[in-house]
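Undergrad: Give me a model of this one.
(one chain, ligands or ions: 1)
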Amino acid sequence: MLNHEKLSSASLSKLESLIRPAGFFRQKARTIRNFLRYLETSHGGSLRAMFSTPGEKVRRELLALKGLGPETADAILLYAGGKTFFVADAYSRRVLARHDLWKPTATYSEAQQVLHEHLPGSHALFNEFHALLVEAGKRYCKREVPRCEACPLEPFLNHRHVARPDHKGFAFAKPPAVSGVSGRVGPTLKRMELSHHLG
Ligand code: SF4
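TA: Sure, this is the predicted structure:
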């Protein structure tokens, strides 16, 4: 089933049934259909042709598709296409915001821009670093109460802003004072990227 011809000829209900366990399957099935039509129209149904097109152009085209946002577009470009677009998803933004590398309110594109500016432009590095941040986010950096004491990224915390629970839930002892990109963003990312000791 995982080829362009079979997927393109599948009915919407067939697509829905195939991805039902993923959740939001109705919306996702429509997005997949939109993508398949785009792939056929713009790249002759060939992923190879799509990924041999400049990444910025493909990204613009993907973002124009209904239902497809920047996180999905960048995941396609990075993981399937080997292009250097960091997936600055909620896990990545939460972990790195708690380490004061940007404001907790940083948007997807603001966070991605910081990462693109401070990491070497390597898709293999983007791939692994993003996967490690997701794993850290799932295992330790919970949305409500982070488990810093068990987390391998604890040495990278700015201890002036020690994470702790308080009576209202999770809070930093002192709100991060950094309002933008600080001079230590690059070195901190570099050290984190070299720290492969999860779990
Ligand atoms: S040390 Fe704490 S704030 Fe940092 S990633 Fe781990 S759980 Fe999150």
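
Undergrad: gap between the stretch of helix or strand A124 belongs to and the chain center?
TA: Assigned by DSSP states H and E, A124 belongs to helix 123-139. Chain-centre distance of helix 123-139: 8 Å, with Cα atoms, centre = their mean, to the nearest Å.

Undergrad: If you count contacts, what does that helix end up packed against?
TA: helix 90-98, helix 185-193 (3 or more Cβ pairs under 8 Å, 6 or more residues apart in numbering; DSSP states H and E). All C-beta atoms are positioned from the backbone trio N, CA, C, and that covers glycine.

Undergrad: Return the member of the ones you listed having the minimum mean pLDDT.
TA: In terms of mean pLDDT, the lowest-scoring of the helices and strands packed on helix 123-139 is helix 185-193 (a mean of 67).

Undergrad: low-scoring pLDDT stretches of this protein, where are they?
TA: Scanning the chain for pLDDT under 70 picks out the ranges 159-188, 190-191, 193-199.

Undergrad: Show me which residues of the chain sit near the ligand.
TA: 95, 98-99, 136, 140-141, 146-148, 151, 153-154, 157, 163 (Cβ under 6 Å from any ligand atom).

Undergrad: Just the buried ones among the residues you listed, please.
TA: By neighbour count, with 16 or more other Cβ atoms under 10 Å, the residues of the chain next to the ligand hold V95, R98, H99, A136, Y140, C141, P146, C151, L153, L157, A163 as buried.

Undergrad: With distance to F85 added, can I get those residues in CSV?
TA: Formatted as CSV, these follow (distance: Cβ to Cβ, whole Å):
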residue, distance to F85
V95, 18
R98, 23
H99, 22
A136, 20
Y140, 26
C141, 22
P146, 27
C151, 27
L153, 23
L157, 28
A163, 29
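
Undergrad: Of those, just say which sits nearest to K6.
TA: A136 (37.1 Å; Cβ to Cβ).

Undergrad: My guess is that closest one contacts C148. True?
TA: No. Applying Cβ atoms under 8 Å as the test, A136 and C148 come out as separate, 10.8 Å apart.
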